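Colleague: Give the three-dimensional model of this entry:
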Amino acid sequence: MTTLTWIVGSAIVGGLLSVLVAAVFAFRVRTSWVPMLVSLAIGALLGAAFLEVLPQAIIGSGDATTTSTIVLAGILGFFVLEKLVLWRHCHIESCEGHEPHGHGGYDGGRSGLMILVGDTFHNFVDGVLIAAAFMEDPRLGLITAVAIIAHEIPQEVGDFLILLHSGYSKARALVYNLLSSLAMLAGGLLAWFALTTAQGAIPHLLALAAASMIYVAVADLIPGLHKRPELGATLQQVLLISAGIAIIVVTHHLVEGFGPS
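Modeller: Down below sits the predicted model:
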């Protein structure tokens, strides 16, 4: 399989899988399970960022200072994007910034539209980051895809809940989320064509990928865990975060020596 085939396959499978699994949780499974998925996603994101993506970015650039600067700039940039409501990573219906307007919580679909716009942009960026990882090393691409999918599932559950709360039917919410997930493929293809002639930019994009994973985990996901400060919940969160990191470590060993040429 070629690198382009892996990028296309990962973008399609990642986007569709996260939406379909999220739909099952939103429509069929108790949403009280979502916090457990969030804890797992935190571990997967941090494990991928610090154990795989960031080290590879430093090796590729040969300059740890430059890479660290890009990571810091990326975190600041993602903060600004979130402030502009272009990037949302809500995992609960009552997420700040998605509070329902008007009486009865129905807002004429405005919150739903905002979710779809933000999620489409987010999926596009994820596609770019997956492509950059695959072009650096196929094994790194697979690990990055696993981490992104782990994060996408609880996020998509939150998106479904917001869409339903905004008056969308289950069918419309599913179709719109599936269409939004195609932006991941668009981002992957655009990045592949652009980076084919700009290989030197790949380490910098990997640094941005690490910044994205760190920002999402630390700024968006971890604060929500503090809403459950009791000892039992804390132990569960620590175990699930550790399990998320373990998923990345196991994935690394599984894909070692495997991947497209």
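
Colleague: Skipping its backbone neighbours, what lies nearest A132 in space?
Modeller: L205 (3.7 Å; C-beta to C-beta, 6 or more residues apart in numbering). Placement of C-beta: from N, CA and C, glycine included.

Colleague: now the stretch 51-200 of the chain, which segments are flagged as low pLDDT?
Modeller: By pLDDT under 70, the low-scoring segments of the stretch 51-200 of the chain are 85-112, 114, 165.

Colleague: at 80 what do you get?
Modeller: Applying pLDDT under 80 to the stretch 51-200 of the chain flags residues 81-119, 151, 154-155, 157-167, 198-199.

Colleague: Helices of that one, start to end?
Modeller: 54-61, 64-83, 110-136, 138-165, 170-196 (DSSP state H, counting those that start in this stretch).

Colleague: ok so, going back, pretty sure the residue nearest to A132 contacts V128?
Modeller: Yes: L205 lies in contact with V128 (C-beta atoms under 8 Å); the separation is 6.9 Å.

Colleague: anything in contact with each of the two?
Modeller: Taking C-beta atoms under 8 Å, 6 or more residues apart in numbering as the contact rule, L205 and V128 both touch A191.

Colleague: neighbours of G167, just the number please.
Modeller: 16 (other C-beta atoms under 10 Å).

Colleague: Going forward, the N-terminal residue is numbered 21.
Modeller: Noted, 21 is the first residue going forward, which turns the last one into G187.

Colleague: Check the gap between it and L133 for me.
Modeller: 11 Å (C-beta to C-beta, to the nearest Å).

Colleague: cool, R159 as well?
Modeller: Distance from R159 to L133, by C-beta to C-beta: 39 Å.

Colleague: Which one's more surrounded, these two?
Modeller: R159 (21 against 15).

Colleague: so how many other residues sit close to the residue nearest to A152?
Modeller: So L225, with other C-beta under 10 Å, has 24 neighbours.

Colleague: quick one: pLDDT of it?
Modeller: In the predicted model, L225 carries a pLDDT score of 87.

Colleague: show me what contacts it?
Modeller: V148, L149, A152, A211, L215.

Colleague: which of those has the most neighbours?
Modeller: A152 (29 neighbours).

Colleague: list the contacts for it?
Modeller: A152 neighbours (C-beta under 8 Å, 6+ apart): A211, L215, I222, L225, L226, A229.

Colleague: ok, which pair from those residues is furthest apart?
Modeller: L215 and A229 (12.7 Å; C-beta to C-beta).

Colleague: Counting neighbours, what do you get for the residue lying closest to S30 once chain neighbours are set aside?
Modeller: Residue nearest to S30 in three dimensions, not counting chain neighbours: A165, with 4.4 Å by C-beta to C-beta, 6+ apart. A count of nearby residues for A165, using other C-beta under 10 Å, gives 25.

Colleague: can you pull the contacts of A165?
Modeller: A165 touches S30, G34, I150, A153, counting by C-beta under 8 Å, 6+ apart.

Colleague: Does the first one touch I150 like I think?
Modeller: It refers to S30. Yes: under the criterion of C-beta under 8 Å, S30 makes contact with I150 at 5.6 Å.

Colleague: of the two, who's got more company?
Modeller: Neighbours per residue (other C-beta under 10 Å) separate S30 from I150, with I150 holding more: 30 against 25.
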